[in-house]
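Trainee: Quick one, fold the following:
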Amino acid sequence: MPSITQKDKAIQFRSLHTGSSILVLPNAWDAASARIFEQAGFAAIATTSSGVAAALGYADGERISRDMLVETTERIVRVVNCPVTADIEAGYGDTIEEVLQTVKAIIQAGAVGINIEDSTKGRARTLVDIAHQVEILKALRQLAESMDVPLVINARTDVFLLGRGDPADYVEEAVRRANAYREAGADCFFPIGLSDASVIANLVQAISWPINILAGSNSPSIAELARLGVARVSFGSGPMLSLIHI
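Mentor: Next comes the predicted model:
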């Protein structure tokens, strides 16, 4: 039986966002954890930036090098047969060209999806201007098409995570960014830091395309998230931290 191609995996991964069941994505931090998750029956695997960094002895926030990121992704892809999506944080670059270099290397490592954030790194984290983030997403979509890999782009917004300004404006800003990112070529929207069921429901209704919610102790259950219309749920560093705290 012929092995599945990277393009086929990307198509398969995309379809999991629109199926009848919510996509539950475990977040691996190395090859061993990825293999365990696949053996447990998960249909696809994501990486966790904080988990990968911690496993390599670094703090989160693009403290590991791009080469370390790519090497870890490559090792994970090598040991599993299911689709793998990589958390690339803000893209490891100060320019669009540098972000493109990161994503090109991640695709060459075998990943079929990415998470990309819309906030800056460093102590004074701020949201990136929408227009700039749109340009990045458009360039990433064009890159993926040129490589003939229908990359699944999970566009993360840090509106709720950073919590700047009036909380009453968070949903409006999230919707504004979601619509712009969708138009630019993103496939899924990730409002990290959002855990309120009523707000999640409102956001699902407002943007009408796949939303990823980070599961945690304060978030609704997976069953409830599915009922609210959430397409995808991930766990971030939760699985790794749970092992450390045993």
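Trainee: Could you tell me the end-to-end distance of stretch 21-30?
Mentor: Across stretch 21-30, the terminal residues are separated by 27 Å (C-alpha to C-alpha, to the nearest Å).
Trainee: quick one: average pLDDT of it?
Mentor: Here stretch 21-30 scores 98 as its mean pLDDT.
Trainee: repeat for stretch 178-195
Mentor: Mean pLDDT, stretch 178-195: 98.
Trainee: again, but for stretch 82-91
Mentor: 98.
Trainee: tell me which residues of that stretch are tucked away?
Mentor: Of all the residues in stretch 82-91, those buried under the rule 16 or more other C-beta atoms under 10 Å are 82-91. All C-beta atoms are positioned from the backbone trio N, CA, C, and that covers glycine.
Trainee: from those residues, which single one is nearest Ser242?
Mentor: Checking these against Ser242 by C-beta to C-beta gives Asp87 as the nearest, at 18.0 Å.
Trainee: picking that back up, what's the most distant pair in the buried residues of stretch 82-91?
Mentor: Most distant of the buried residues of stretch 82-91, by C-beta to C-beta, are Cys82 and Ala90, 26.1 Å apart.
Trainee: about what we covered before: mind putting the buried residues of stretch 82-91 in CSV, distance to Ser242 and secondary structure included?
Mentor: Listed next are the buried residues of stretch 82-91 as CSV, based on distance: C-beta to C-beta, whole Å; DSSP: H, G, I helix; E, B strand; the rest coil:
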residue, distance to Ser242, secondary structure
Cys82, 22, coil
Pro83, 24, coil
Val84, 21, strand
Thr85, 21, strand
Ala86, 22, strand
Asp87, 18, strand
Ile88, 24, coil
Glu89, 22, coil
Ala90, 26, coil
Gly91, 28, coil
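Trainee: Closest one of those residues to Gly163?
Mentor: The nearest one, if we look at those relative to Gly163 and count by C-beta to C-beta, is Ala90, at 18.2 Å.
Trainee: if I look at the residue lying closest to the closest one once chain neighbours are set aside, how far off is Ala43?
Mentor: For Ala90, ignoring the flanking residues on the chain, the nearest one in space by C-beta to C-beta, 6 or more residues apart in numbering is Glu117 at 4.7 Å. Taking C-beta to C-beta, to the nearest Å as the measure, Glu117 falls 24 Å from Ala43.
Trainee: the more surrounded of these two?
Mentor: Comparing Glu117 with Ala43 by other C-beta atoms under 10 Å, the one with more neighbours is Glu117, at 25 against 15.
Trainee: returning to that earlier point: do I have it right that the residue nearest to Ala90 meets Glu89?
Mentor: Yes: counting by C-beta atoms under 8 Å, Glu117 touches Glu89, with 5.7 Å between them.
Trainee: Restrict stretch 104-112 to CA atoms and write it as PDB.
Mentor: Output of stretch 104-112 as PDB, limited to C-alpha atoms (Å, rounded to 0.1, in the frame of the first residue of the first chain):
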ATOM      1  CA  LYS A 104       9.300  27.000   4.200                       C
ATOM      2  CA  ALA A 105      11.600  25.000   6.500                       C
ATOM      3  CA  ILE A 106       8.700  23.800   8.600                       C
ATOM      4  CA  ILE A 107       6.900  22.500   5.500                       C
ATOM      5  CA  GLN A 108      10.100  20.900   4.300                       C
ATOM      6  CA  ALA A 109      10.300  19.200   7.700                       C
ATOM      7  CA  GLY A 110       6.900  17.500   6.900                       C
ATOM      8  CA  ALA A 111       4.400  19.600   8.800                       C
ATOM      9  CA  VAL A 112       1.000  20.300   7.100                       C
END
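Trainee: tell me which residues of it are tucked away?
Mentor: Here stretch 104-112 shows 104-107, 109-112 as buried, counting by 16+ other C-beta under 10 Å.
Trainee: The most centrally placed residue in the chain in helix, strand or coil?
Mentor: The centroid of the chain falls nearest to Asn115 when counting by C-alpha atoms, centre = their mean (2.9 Å). Three-state assignment for Asn115 (DSSP: H, G, I helix; E, B strand; the rest coil): strand.
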